[in-house]
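# My questions are about this predicted structure, shown below with the sequence.
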Amino acid sequence: MPSPIPDAAVADATLALRVARASADPDREAEAELCRRLAPRVRLYGLRHLGSEAAAADLMQHVMLTMIERLREGALREPERLTSFVFGVCRMVVLDLKRGHIRRERLLETYGDALAPPEPSEPSLDQTRLASCLERLPERERTVLLLTFYDDMSAEALASELDISQANVRVIRHRGLDRLRQCVTGEAQ
Amino acid sequence: MTPANCQSPLAWETLLAYWLGELDADGEARTEEHYLGCAQCSHRLEQVVALANGVRTLARGSGVSMIIDDQFVRKLREEGRNVREYRVPPNGSVNCTVTPEDEFVVGRLEVPLAGVQRVDVLTRYDFVEGEQRQEDIPFVAASGAVVICPSIDLLRASPASIWTIRLLAVDDEGERTLGEYTFNHTPHSP
């Protein structure tokens, strides 16, 4: 009988070891906790490289499934190196998703709801406050941020559109985002 | 790693640069391997993502006033967005409104910008005391125009009113008016 899940400060590696050692009688609590901890991080990786929630959800499902399978098989010889393993799987699956070798439909057919993606975990922002903070930014910073995120525009494209240097675009948007964060979180007051 | 034991948290600057695609391949890989194993840094990255998504939502919904350019207006139209555009010559005026179908309303203020170093905008509403000044707005000199895009919410909430916009060229020797533009705004009546 597996021991109760430790508190939230437990290391990922400890959980991975529990999963690996319980191969004959899967430690489902440890597996679920490991997925709960790692899935949001993998989602971030997916959003960054695949640019959509749906694709990030595919990535999460695939990586979590691969991780649990490998741990159960004992194929991950050093569970304390779990992060490197997850990173490697993320890279591989992103390449496959980009090539169209993995299809969401196929994943869902195979696994159904067993690995349903968690709800997006970003802290929710007060849009009214965010709008007010944006309005308070210097015009140049506001424009650069709005154009950057409207369409995920690169520094290169933005520099060309606004007729300023790429270095300038980077400085302006970092400064703008820093001011915006401080305003939204109240640190600027 | 956990929030309690991340010995070397990623700098905010690094997280921003990562999300904006500004790191080289090695820096990107180091950042990813770190946050995939770190609850604290992945949580801070989630804050960056939330900020980016919030700005995107406001930009796509015209929820905040912007200074844009002709290229952006073209992009909106290519995406099939409903854009109402008013073109105003220097010292000209225009009757304007906003309908329920409009997603963006833009004012293209035609202005000679050759040789201009900095442009400030002075806006006056006849229902509010005083003027608002926006300093050092972005502009593309070759376009011969400044394109403003007020928040759609602001426009919908505005009473019948007169908006006067003055563009100023600013340099070491002082400032001079490039053009004045008058918008006679009337709320939409079905």
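Alright, I've got the coordinates.
# Counting residues, name the longest helix you see in the chain.
With no chain named, the answer covers chain A. Of all segments of type helix in chain A, defined using DSSP state H, the longest is helix A:28-50.
# that's the wrong chain, I meant chain B
Taking DSSP H as the criterion, chain B has its longest helix at helix B:39-60.
# Tell me the helices and strands packed up against the helix or strand that that helix is followed by.
Remark: after helix B:39-60, the chain's next helix or strand is strand B:66-68, criterion DSSP states H and E. Here strand B:66-68 touches helix A:139-150, strand B:145-149, going by 3 or more CB pairs under 8 Å, 6 or more residues apart in numbering or on different chains; DSSP states H and E. Glycine gets a C-beta too; all of them are placed from N, C-alpha and C.
# With mean neighbour count as added columns, please give these in JSON lines.
Below are those laid out as JSON lines (neighbours: other CB atoms under 10 Å in any protein chain shown):
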{"stretch": "helix A:139-150", "mean neighbour count": "24"}
{"stretch": "strand B:145-149", "mean neighbour count": "23"}
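# Make a markdown table from these and add distance to B:A25 and mean pLDDT to it.
Output for the helices and strands packed on strand B:66-68, formatted as a markdown table (distance: least, CB to CB, whole Å; pLDDT from 0 to 100):
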| stretch | distance to B:A25 | mean pLDDT |
| --- | --- | --- |
| helix A:139-150 | 21 | 93 |
| strand B:145-149 | 37 | 96 |
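# export the longest helix of chain B as PDB, just CAs?
Extracted in PDB, the C-alpha atoms of helix B:39-60 (Å, rounded to 0.1, in the frame of the first residue of the first chain):
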ATOM      1  CA  ALA B  39       7.800  25.000  -9.600                       C
ATOM      2  CA  GLN B  40       8.800  28.500  -8.600                       C
ATOM      3  CA  CYS B  41      10.200  29.600 -11.900                       C
ATOM      4  CA  SER B  42       7.500  27.900 -13.900                       C
ATOM      5  CA  HIS B  43       5.000  29.800 -11.800                       C
ATOM      6  CA  ARG B  44       6.700  33.100 -12.600                       C
ATOM      7  CA  LEU B  45       6.700  32.200 -16.200                       C
ATOM      8  CA  GLU B  46       3.000  31.700 -16.000                       C
ATOM      9  CA  GLN B  47       2.800  35.300 -14.800                       C
ATOM     10  CA  VAL B  48       4.600  36.400 -17.900                       C
ATOM     11  CA  VAL B  49       2.200  34.400 -20.100                       C
ATOM     12  CA  ALA B  50      -0.800  35.800 -18.200                       C
ATOM     13  CA  LEU B  51       0.500  39.300 -18.900                       C
ATOM     14  CA  ALA B  52       1.100  38.600 -22.600                       C
ATOM     15  CA  ASN B  53      -2.300  37.000 -23.000                       C
ATOM     16  CA  GLY B  54      -4.000  39.900 -21.200                       C
ATOM     17  CA  VAL B  55      -2.300  42.400 -23.500                       C
ATOM     18  CA  ARG B  56      -3.300  40.300 -26.600                       C
ATOM     19  CA  THR B  57      -6.900  40.200 -25.500                       C
ATOM     20  CA  LEU B  58      -7.000  44.000 -25.100                       C
ATOM     21  CA  ALA B  59      -5.200  44.600 -28.400                       C
ATOM     22  CA  ARG B  60      -7.500  42.200 -30.400                       C
END
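# follow-up on the earlier one: so which of the helices and strands packed on strand B:66-68 comes closest to B:P112?
strand B:145-149 (9.9 Å; CB to CB).
# Can you name the residue of chain A nearest to chain B?
A:T83 (3.3 Å; CB to the nearest CB).
# Which helix or which strand is home to that residue?
helix A:82-99.
# With B:E129 instead?
Here B:E129, judged by DSSP H and E, is contained in no helix and no strand.
# Relative to B:F183, how far out is it?
Counting by CB to CB, to the nearest Å, the gap between B:E129 and B:F183 amounts to 18 Å.
# Neighbour count for the two, which is higher?
B:F183 (22 against 6; other CB atoms under 10 Å in any protein chain shown).
# In terms of helices and strands, where is the residue lying closest to that one once chain neighbours are set aside?
Leaving aside its chain neighbours, B:F183 sits nearest to B:W163 (4.2 Å; criterion: CB to CB, 6 or more residues apart in numbering or on different chains). B:W163 belongs to strand B:161-171 when assigned by DSSP H and E.
# Parallel or antiparallel, list what pairs with that strand.
strand B:118-125 (antiparallel), strand B:174-185 (antiparallel) (DSSP bridges).
# Give the rounded mean pLDDT of the helix holding A:T83.
Taken as a whole, helix A:82-99 carries a mean pLDDT of 89.
# Residues touching it, excluding its own?
A:12-13, A:16, A:38, A:42, A:45-46, A:49-50, A:55, A:58-59, A:62-63, A:66-67, A:70, A:76, A:102, B:29, B:32-33, B:36-37 (CB atoms under 8 Å, 6 or more residues apart in numbering or on different chains).
# sorry, back to before: angle of the longest helix of chain A against helix B:39-60?
Interaxial angle, helix A:28-50 versus helix B:39-60 (axes from the mean of the first three to the mean of the last three CA atoms, to 10 degrees): 40 degrees.
# buried set for helix A:28-50?
Neighbour counts over helix A:28-50 (16 or more other CB atoms under 10 Å in any protein chain shown) mark A:29-31, A:33-35, A:37-50 as buried.
# ok, and of these, which contact chain B?
Among those, the ones lying near chain B by CB under 8 Å from any CB of the partner chain are A:R37, A:L38, A:P40, A:R41, A:V42, A:L44, A:Y45, A:L47, A:R48.
# For the residue lying closest to the first one once chain neighbours are set aside, the count of nearby residues, please.
It refers to A:R37. When the adjacent residues along the chain are set aside, A:R37 lies closest to A:D12, with 6.1 Å between them (CB to CB, 6+ apart). For A:D12, the neighbour count with other CB under 10 Å is 23.
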